[in-house]
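Trainee: need the 3D shape of this:
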Amino acid sequence: MTIHIIRLGSPRLPNEGLRIGTVRRPPRGVPKTEFASRNYYDTWLPNLAPSSELMALGKTALSDADWAGFKRRFRSEMNEADAARVLDLLAALSHQSELAIGCYCEDEARCHRSVLRELLAERGARLAELATDSPPHTHT
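Mentor: Next up, the predicted model:
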């Protein structure tokens, strides 16, 4: 049992389990009834997405220093009680179930999901190894 950290819209992995979207907004131009069939997510959990203000900062982080600042602030948001409890729950569930969490970003190294990977590992979650993501079919 593991948590797979994936790019939303990428083909599903064998035995991936429930796919959870940890994004602030649903995919544009995709009917809600097609989120799962188009490999975006089965359920939406925006609680684990950066705040709108922080998301804008992350998208403009060009230098390593800028990215380090984003990571520090995102970790602070994830230390708030509600987010921390959800991370604790996901870490515990990773010992019982197959799950996948993800975001739309192409490069995990510059995406909040890399920080979620770290936070879950710190909580003892069972995590799948890094995988190469395929680009989503219709993300805009």
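Trainee: who touches the spatially closest residue to Glu16 that is not a sequence neighbour in this structure?
Mentor: Sequence neighbours aside, Ala100 is the residue nearest to Glu16 in space, at 4.7 Å (criterion: C-beta to C-beta, 6 or more residues apart in numbering). No exception for glycine: its C-beta is placed from N, CA and C like everyone else's. In this structure, Ala100 makes contact with 3-6, 12-13, 16-20, judged by C-beta atoms under 8 Å, 6 or more residues apart in numbering.
Trainee: over to Ala100. Which of the three states is it?
Mentor: Classification of Ala100 into helix, strand or coil gives strand, according to DSSP: H, G, I helix; E, B strand; the rest coil.
Trainee: ok, now Ile6?
Mentor: Reducing the assignment to helix, strand or coil with three-state DSSP, the entry for Ile6 is strand.
Trainee: burial of it, as a residue count?
Mentor: By the criterion of other C-beta atoms under 10 Å, Ile6 has 25 neighbours.
Trainee: that one pairs with what?
Mentor: Gly102 (DSSP bridges).
Trainee: against Ala84, how distant is it?
Mentor: When distance is defined by C-beta to C-beta, to the nearest Å, Ile6 is 22 Å away from Ala84.
Trainee: inside strands: which ones of the contacts of Ala100?
Mentor: Filtering the contacts of Ala100 for membership in strands, criterion DSSP state E, returns 3-6, 18-20.
Trainee: can you show me the helices along this protein?
Mentor: With DSSP state H as the definition, the chain shows helices at residue ranges 52-59, 64-78, 81-93, 112-122.
Trainee: CSV for the ones you listed, including mean neighbour count and distance to Glu34?
Mentor: What follows is the helices of the chain, written out as CSV (neighbours: other C-beta atoms under 10 Å; distance: least, C-beta to C-beta, whole Å):
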stretch, mean neighbour count, distance to Glu34
helix 52-59, 14, 24
helix 64-78, 15, 29
helix 81-93, 15, 25
helix 112-122, 19, 22
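Trainee: nearest to Thr43, out of these?
Mentor: With C-beta to C-beta as the measure, helix 81-93 is the member of the helices of the chain nearest Thr43 (12.1 Å).
Trainee: and the closest one with helix 64-78, angle?
Mentor: Comparing the axes of helix 81-93 and helix 64-78 via axes from the mean of the first three to the mean of the last three C-alpha atoms, to 10 degrees yields an angle of 90 degrees.
Trainee: appreciated, that's everything.
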